[in-house]
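S.K.: Sequence and predicted structure, then a few things I'm wondering about:
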Amino acid sequence: MFDFDQWIDRRPTRALKWLKYEGTDILPMWVADTEFQAPPAVIEALSERVEHGIFGYSRPSPQLTELIIQRMADRYGWQIEADWLVYMPGVVPALNLACQTFSEPGSPVITPKPIYYPFLHAPGFHGRKAAYVEMVEQDGRWLLDLEQLEQQAKDSELLLFCNPHNPGGTIYTRDELLAINDIAKRHNLIVCSDEIHCDLLLDEGKPHIPYAALDDDAASRSVILMAPSKTFNIAGLCCSFAIVPNPELRTRFTRTARGIMADVNLLGFVAAEAAYRAGDDWLEAQIAYLRQNRDLLVERLNQVPGIKVLAPEATYLAWIDISALALDDAIGFFEQAGVGLSPGGQFGGSDFVRLNFGCSRAMLDEALHRMIAAINNR
């Protein structure tokens, strides 16, 4: 029904992912968007809106808000209210806004490490200090070091959190989230949780639990960041939202945003509404395809001496341990082989690279072939 094997040439579109390697045969497997066309319902809705021909200022429809409320209830058993929603043009601006709103200049802001790199930069952008908590391997999964979190929480007001974790792919369990919230409660931390990958769950039977859905205490101290962008491959349309149950936190958050936070792109609203109304059949097919890509990647790379990768439970991103290869320039090495990866040091893990497997099976197979051949022939 949906053809995820289809090759669509993005090079003429000024796509960031492909532009980086313009004029080469390097396969771009770095930035986190996929090679899949958005759901048909999204394309149809956008086409209809473009035909209208007027693109002035816009606001979200009541229907979009209702769809998000219903989605939270259906997928996560989480009952939210319309006034908890704050629409924003992106999760990254929201992370920065959280730093400005919920911490003081010069104070530490807690962030996991490794992590999606805007987490690492956001505190410093606003005159705060980044207080790192290491992600550690436990039974084949990447988890926060709770002892480090306990220590850092003593001097901090804000934790920037990521669930599912990027780049590790962890889906936190309820008990794991409760352990984190126990620390947050004791030290009165506000938790800004990036949950943008919450729909891309690859391990069946492992649900996503929004941080604020844990209990009343977690809800009172959290700012939850979500978007349809990764789920439906519409990141360039810049539509996301924060869910802030606590009215005092929400007022502070929106007050800080005044005059500096742009409105959402009107086509972003259109795409989000269409995706949430009629995109879930496409989403389920995409997840099945990504799961097979994940399994292929893990099986093949873990057979290569010097490579180790833990199977991500969610996302379309693989966090690959290459420390045993002892490469002086890992990114250059793999680019020479014809594969463009994200450097692990960008995320706070210099012995790793990140690979985006949100692509056709043929593209992934060729990238793996090139990587493995380069390692075996070096």
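M.R.: Thanks, I have it. In this text the structure is predicted, and so the values were computed from the model without any measurement.

S.K.: which strands and helices sit next to the lengthiest helix in the chain?
M.R.: The longest helix of the chain (DSSP state H) is helix 280-301. Helices and strands touching helix 280-301, by 3 or more CB pairs under 8 Å, 6 or more residues apart in numbering; DSSP states H and E, are helix 229-232, strand 308-309, strand 317-321, helix 361-377. The way it works is simple: take the backbone N, C-alpha and C, and place the C-beta from them, glycine included.

S.K.: Looking at the chain, which strand is longest?
M.R.: When secondary structure is assigned using DSSP state E, the longest strand within the chain turns out to be strand 129-138.

S.K.: closest to residue 101 out of the helices and strands packed on helix 280-301?
M.R.: Residue 101 lies closest, by CB to CB, to one member of the helices and strands packed on helix 280-301: helix 229-232, at 22.4 Å.

S.K.: mind listing the helices for the stretch 1-150 of the chain?
M.R.: Applying DSSP state H, counting those that start in this stretch to the stretch 1-150 of the chain gives helices spanning 16-19, 40-52, 62-76, 91-102, 117-125, 146-153.

S.K.: Just send the ones you listed back as a markdown table, with mean neighbour count too.
M.R.: Converted to a markdown table, those look like this (neighbours: other CB atoms under 10 Å):
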| stretch | mean neighbour count |
| --- | --- |
| helix 16-19 | 16 |
| helix 40-52 | 15 |
| helix 62-76 | 16 |
| helix 91-102 | 23 |
| helix 117-125 | 18 |
| helix 146-153 | 17 |
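
S.K.: And those: which comes nearest residue 162?
M.R.: For those, proximity to residue 162 was assessed by CB to CB; helix 117-125 is nearest, at 6.9 Å.

S.K.: What are the contacting residues of that closest one?
M.R.: With CB atoms under 8 Å, 6 or more residues apart in numbering as the test, helix 117-125 has contacts from 92, 95-96, 98-99, 103, 108-109, 111-113, 129-130, 160, 162, 194, 346-348.

S.K.: circling back to that earlier point, list the buried residues of the longest helix of the chain.
M.R.: Judged by neighbour count (16 or more other CB atoms under 10 Å), helix 280-301 contains these buried residues: 280, 282-283, 285-287, 289-291, 293-294, 297-298, 300-301.

S.K.: can you check stretch 80-92 too?
M.R.: Along stretch 80-92, the positions that meet the burial threshold by neighbour count (16+ other CB under 10 Å) are 80, 84, 85, 86, 87, 88, 89, 90, 91, 92.

S.K.: got it, and stretch 206-213?
M.R.: Neighbour-count burial for stretch 206-213 flags 208, 209, 210, 211, 212, 213 (criterion: 16+ other CB under 10 Å).

S.K.: Surely the fifth one touches residue 249?
M.R.: In other words, residue 212. No - under the criterion of CB atoms under 8 Å, residue 212 is not in contact with residue 249, lying 10.6 Å apart.

S.K.: just checking, residue 240 touches residue 229?
M.R.: Yes - with contacts defined as CB under 8 Å, residue 240 counts as touching residue 229 at a distance of 6.6 Å.

S.K.: Next, show the common contact partners of these two.
M.R.: With the criterion set as CB under 8 Å, 6+ apart, the overlap between the contacts of residue 240 and residue 229 is residue 196.

S.K.: Residue 107 and residue 87: what is the separation?
M.R.: Distance from residue 107 to residue 87, counting by CB to CB, to the nearest Å: 28 Å.

S.K.: List the contacts of the helix or strand that contains residue 250.
M.R.: Under DSSP states H and E, the secondary-structure element containing residue 250 is helix 247-257. Contacts with helix 247-257, where a contact means CB under 8 Å, 6+ apart, come from 83-84, 86, 88, 97-98, 100-102, 190, 221, 223, 242, 244.

S.K.: Try it again at 6 Å.
M.R.: Applying CB atoms under 6 Å, 6 or more residues apart in numbering, the contact partners of helix 247-257 are 86, 97, 100, 101, 244.

S.K.: can you check stretch 38-54 too?
M.R.: 232, 233, 234, 270, 271, 274, 275, 278, 279, 282.

S.K.: Give the buried subset of the residues you listed as a ChimeraX selection command.
M.R.: The ChimeraX selection below is limited to those of the contacts of stretch 38-54 classed as buried (16+ other CB under 10 Å):
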select :232,233,234,270,271,274,275,279,282
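
S.K.: CA atoms only for the longest strand of the chain - export them in PDB, please.
M.R.: Provided in PDB are the C-alpha atoms of strand 129-138 (Å, rounded to 0.1, in the frame of the first residue of the first chain):
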ATOM      1  CA  LYS A 129      26.300  26.000  32.600                       C
ATOM      2  CA  ALA A 130      25.800  22.500  31.200                       C
ATOM      3  CA  ALA A 131      25.800  19.900  34.000                       C
ATOM      4  CA  TYR A 132      26.300  16.600  32.300                       C
ATOM      5  CA  VAL A 133      24.800  13.200  33.400                       C
ATOM      6  CA  GLU A 134      26.300  10.300  31.500                       C
ATOM      7  CA  MET A 135      24.200   7.700  29.700                       C
ATOM      8  CA  VAL A 136      25.500   4.300  30.600                       C
ATOM      9  CA  GLU A 137      24.900   0.900  29.100                       C
ATOM     10  CA  GLN A 138      22.700  -1.400  31.200                       C
END
